[in-house]
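Peer 1: have a look; sequence and predicted model below, questions after that.
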Amino acid sequence: MKKIFLSSLLLLFMVFKVVAQDEGAAVAQTRFERDKGIYIAGGYSLIFGENTGDYSNGINFEAGFTKRINKVMSIGPSISYLSFKYDESVSDALDGGGEGNNVFFNDTFDEAYVTYIEGGDLTLISLAFNLKLNFIPVGDNTKFTIYGFAKPFIAMSTHSEISGTGEYYYYDYDAEEFFYGGEEYWDSDDFDALAKETEITGGIFVGPGIEVLPSGKVSFFAQLSIGYTFPITYVSTISYPPTIDEGYLDEEFPLDTKGFPSLNIQAGVSFNF
């Protein structure tokens, strides 16, 4: 996944170099009636690729400032917010057929715990530097442009406090079936790993977009980005084997620390001046 992002970033810079050379020095010196903009955007986020998080799809918001350098290049800072809710159905391997795992057995398969988790929602607040390349050069009368972008960022990642229960079951050989044996409640008082946690990390967003009326006082855009956040801690039950000792009783369960890929769909508006 990291190689994909680095390759995409390198490709974006190579295309920019070629386009900039084609445009020549005259373009670099062009002055625009409106070469600055403040934008806001929002949309839908999905876990993506090798992401093993037990999350439903999330939401994203972004606000930023852009400065047009020439007809093909814009730069500027932005701040973004991504939020993903923990989704029990992803963990529920017993009833929901989820991709995670919430069922743990002993070595002889006659004892089991079925876990039910609450909390663990994930938020990412990122400060980015935007590099935007217009594949269709922008002038004062351009109606639309197609662009690519790269946004390296630093981020604050937070997962909320986690609590849950482990329902104990035992197998009765005479009756030839499992019976309910009680419930065990666990939270951050039991394991430090389950407390709310905030980390500082980084990553990058890359992707394409289209902007309508880019030289107007108000322009509109839609874009798709693939984001990769360097390793953070989040709920990932599939990372644990389905055994009581190595899964349910692991003091880090249900958390894991890995890179976090996401796919983000956005629409927004820019106020240009």
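Peer 2: Done, it's in. Numbering: from 1, shown residues only.
Peer 1: for T115, which non-adjacent residue is closest in space?
Peer 2: Distances taken as C-beta to C-beta, 6 or more residues apart in numbering place N102 nearest to T115, at 4.5 Å, with adjacent residues excluded. C-betas here are computed from N, CA, C, even on glycine.
Peer 1: report pLDDT for that neighbour.
Peer 2: Note for N102: predicted pLDDT of 95.
Peer 1: now for it, how many residues are close by?
Peer 2: 29 (other C-beta atoms under 10 Å).
Peer 1: same question, K85
Peer 2: 14.
Peer 1: from what I see, it and D121 are in contact.
Peer 2: Yes - assessed by C-beta atoms under 8 Å, K85 is found in contact with D121 at 5.3 Å.
Peer 1: thinking again about what came up before, now do the contacts for the residue nearest to T115.
Peer 2: 91-94, 114-117, 237 (C-beta atoms under 8 Å, 6 or more residues apart in numbering).
Peer 1: how close does it sit to I204?
Peer 2: With distances taken as C-beta to C-beta, to the nearest Å, N102 is found 33 Å from I204.
Peer 1: likewise T108?
Peer 2: From T108 across to I204, the span is 48 Å (C-beta to C-beta).
Peer 1: same check on G53?
Peer 2: 19 Å.
Peer 1: same check, this time on Y55
Peer 2: Between Y55 and I204 the distance is 20 Å, computed by C-beta to C-beta.
Peer 1: do A63 as well
Peer 2: In terms of C-beta to C-beta, A63 sits 19 Å off from I204.
Peer 1: more neighbours: which of those two?
Peer 2: Between A63 and I204, I204 has the larger neighbour count (other C-beta under 10 Å), namely 21 against 15.
Peer 1: the helix or strand containing the more buried one pairs with which strands, and in what direction?
Peer 2: Using DSSP states H and E, I204 sits within strand 197-212. Strand 197-212 has the following strand partners under DSSP bridges: strand 144-159 (antiparallel), strand 218-235 (antiparallel).
Peer 1: what about V114, neighbour count?
Peer 2: The tally of other residues near V114 (other C-beta under 10 Å) stands at 20.
Peer 1: which intervals of the stretch 101-250 of the chain have sub-threshold pLDDT?
Peer 2: Residue ranges of the stretch 101-250 of the chain with pLDDT under 70: none are present.
Peer 1: so what does the spatially closest residue to L263 that is not a sequence neighbour look like in phi/psi?
Peer 2: The shortest distance from L263 to any non-neighbouring residue, by C-beta to C-beta, 6+ apart, is to F48 (4.0 Å). F48 adopts backbone torsions of phi -150, psi 150, taken as degrees, to the nearest 10.
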